[in-house]
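J.: All I have is the shape, not the residue letters:
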């Protein structure tokens, strides 16, 4: 029933970037509140063997219907980059400015989906912020926790922030953990 939350930000940002980040923070708090309101439905859907679509539909209802995100938007191609990012959800803050939201489940850490998501935000010229919605725990058939993606994702995302030597072209990353902890 807990919605965990961790925020990361580049070490040095401009006043304009700071103003945009405050808008994104407000959006993040609204998302966390909405996820909390749906936490019982999320817990019921996030069980061993369930389809990822169940979580995606709950998140879609929140992100699209309540917060104004668009789904599966093809973002602008960056010069020299072959692929065009197509995130699960995108929220346009203004010209060339936006938030990517990605909803993950089973392959969050094992298949490096979290790293692919931060890469999308890094190469997209019209996205500077990332919302990652990941499980607190993934479950084995016997009901025990198989892994704890939220903690690992926070650790991995933290590596890209706080030290200018290793920072990337993403201003903020907000990680939301859904589902039971134990």
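T.: It's in. Treat the numbers as computed from the prediction; the structure is a model and nothing was measured.

J.: Quick check: buried residues in stretch 58-67?
T.: Residues of stretch 58-67 classed as buried by neighbour count (16 or more other CB atoms under 10 Å): 58, 59, 60, 62, 63, 67. For the C-beta atoms, the positions are set from N, CA and C on the backbone; glycine is no exception.

J.: Next up, the contacts around residue 124.
T.: 75, 76, 78, 85, 87, 98, 100 (CB atoms under 8 Å, 6 or more residues apart in numbering).

J.: Tell me who's in contact with residue 175.
T.: Contacts of residue 175 by CB under 8 Å, 6+ apart are 4, 5, 6, 7, 8, 132, 134, 150, 153, 154, 157.

J.: and with 7 Å instead?
T.: 6, 132, 134, 150, 153, 154, 157 (CB atoms under 7 Å, 6 or more residues apart in numbering).

J.: mind checking how far the first one is from residue 54?
T.: It stands for residue 6. Distance from residue 6 to residue 54, counting by CB to CB, to the nearest Å: 24 Å.

J.: Likewise for the third one?
T.: According to CB to CB, residue 134 and residue 54 sit 15 Å apart.

J.: from the chain's centre, how far out does stretch 165-179 sit?
T.: Centre-to-centre, stretch 165-179 and its host chain are 8 Å apart (CA atoms, centre = their mean, to the nearest Å).

J.: and the end-to-end length of that stretch?
T.: 34 Å (CA to CA, to the nearest Å).

J.: Likewise for stretch 140-156?
T.: Span of stretch 140-156 from end to end, CA to CA: 23 Å.
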